[in-house]
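Participant: Kindly return the folded structure for what I paste below:
(one chain, ligands or ions: 1)
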Amino acid sequence: MIRSLALRDAAAEVWEASLQHPFVQGIGDGTLDEAAFRWYIRQDYRFLIDYGRLLSLGAARAPRLSWMRRFAALSLAVLETEMELHRGFAARWGVTDLEAVVVEPATAAYCDFLLRTASLGDFSELVAAVAPCMWGYAEIGTSLAANATSDRYAEWIEMYAGDEFGELADWSRELLDEVDGELEAMKAAFLTSSRHELAFWEAAWQSPR
Ligand SMILES: Cc1ncc(C[n+]2csc(CCO)c2C)c(N)n1
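Facilitator: Numbers count the residues shown, from 1 in each chain. Next comes the predicted model:
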């Protein structure tokens, strides 16, 4: 079986739980509480900083020059373009203290796992840990775009449903399929990141409001 599909299969239940999560469904049908969305934007902004760090570690460790370039370009895109989009969201949704955000436990746990894997794991585990973030958000965006019943969070949905993120998801699958690595170790990293993604939605859903 193609490795990316084997990993996707192993994490199928967790991915389905993320897609069906009330926070995610609430983005699609517009019922999500704005305070919960603001909590998410604030925490995600902090997440992106460490995600940029992780991609830079990917660039440093990549065995192929073409992958090295892509990781480096992506790190810059996250730290510039995607963080700028989040600042735009924050301004529109009334978040005024973006730079002073305190990192919550679910955010810290996910970031720490990613950076630990990127620093101490095999490069193939880094690839497996990074993939659910790119591929998972593209799936969620595409699914919400196809089924959305409200345009309240349309901008967020359109961003992740867009071609750019679809191509990123393709690239993450290409990495999963082509990198030299052990399936079991990659599966463990892929599953752990997938569970952190689900825990992030749950923390945002349970956030004080
Ligand atoms: C918790 C969390 N997980 C995934 C993403 C999505 N995401 C973050 S960086 C990136 C790739 C480069 O732009 C993608 C798809 C997010 N925003 N927050």
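Participant: only C-alpha atoms for contact and neighbour calcs from this point on.
Facilitator: OK.
Participant: And the ligand, is the helix or strand hosting residue 139 touching that?
Facilitator: Using DSSP states H and E, residue 139 sits in helix 123-147. Yes - using Cα under 6 Å from any ligand atom, helix 123-147 reaches the ligand at 133-134, 137.
Participant: Any stretches of this protein with poor pLDDT?
Facilitator: By pLDDT under 70, the weakly predicted segments of the chain are 209.
Participant: how about the helices in it?
Facilitator: Ranges of helices in the chain, per DSSP state H, are 3-10, 12-19, 22-29, 34-61, 65-77, 83-92, 105-120, 123-147, 154-161, 163-178, 183-206.
Participant: can I get those in TSV with distance to residue 98 and mean neighbour count?
Facilitator: Below are these laid out as TSV (distance: least, Cα to Cα, whole Å; neighbours: other Cα atoms under 10 Å):
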stretch	distance to residue 98	mean neighbour count
helix 3-10	34	17
helix 12-19	25	17
helix 22-29	21	21
helix 34-61	6	20
helix 65-77	19	17
helix 83-92	7	16
helix 105-120	15	18
helix 123-147	22	22
helix 154-161	17	18
helix 163-178	24	17
helix 183-206	16	20
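Participant: re earlier: wait, which of the residues of helix 123-147 next to the ligand is closest to residue 91?
Facilitator: Of all the residues of helix 123-147 next to the ligand, residue 137 has the smallest distance to residue 91: 22.4 Å, by Cα to Cα.
Participant: Show the contacting residues for the closest one.
Facilitator: Neighbour list for residue 137: 160, 165 [criterion: Cα atoms under 8 Å, 6 or more residues apart in numbering].
Participant: distance of the most centrally placed residue in the chain from residue 197?
Facilitator: The residue lying closest to the centre of the chain (Cα atoms, centre = their mean) is residue 133, at 2.9 Å. According to Cα to Cα, to the nearest Å, residue 133 and residue 197 sit 7 Å apart.
Participant: list the contacts for residue 24?
Facilitator: By Cα under 8 Å, 6+ apart, the residues touching residue 24 are 18, 140, 201.
Participant: Quick one: name the residues of this structure near the ligand.
Facilitator: Counting by Cα under 6 Å from any ligand atom, the chain comes close to the ligand at 44, 74, 78, 133-134, 137, 197.
Participant: what's the farthest-apart pair in the residues you listed?
Facilitator: Spanning the widest gap among the residues of the chain next to the ligand are 74 and 197, at 19.7 Å by Cα to Cα.
Participant: Could I get the contacting residues of residue 102?
Facilitator: By Cα under 8 Å, 6+ apart, residue 102 has no neighbours at all.
Participant: Perfect, I'm done here.
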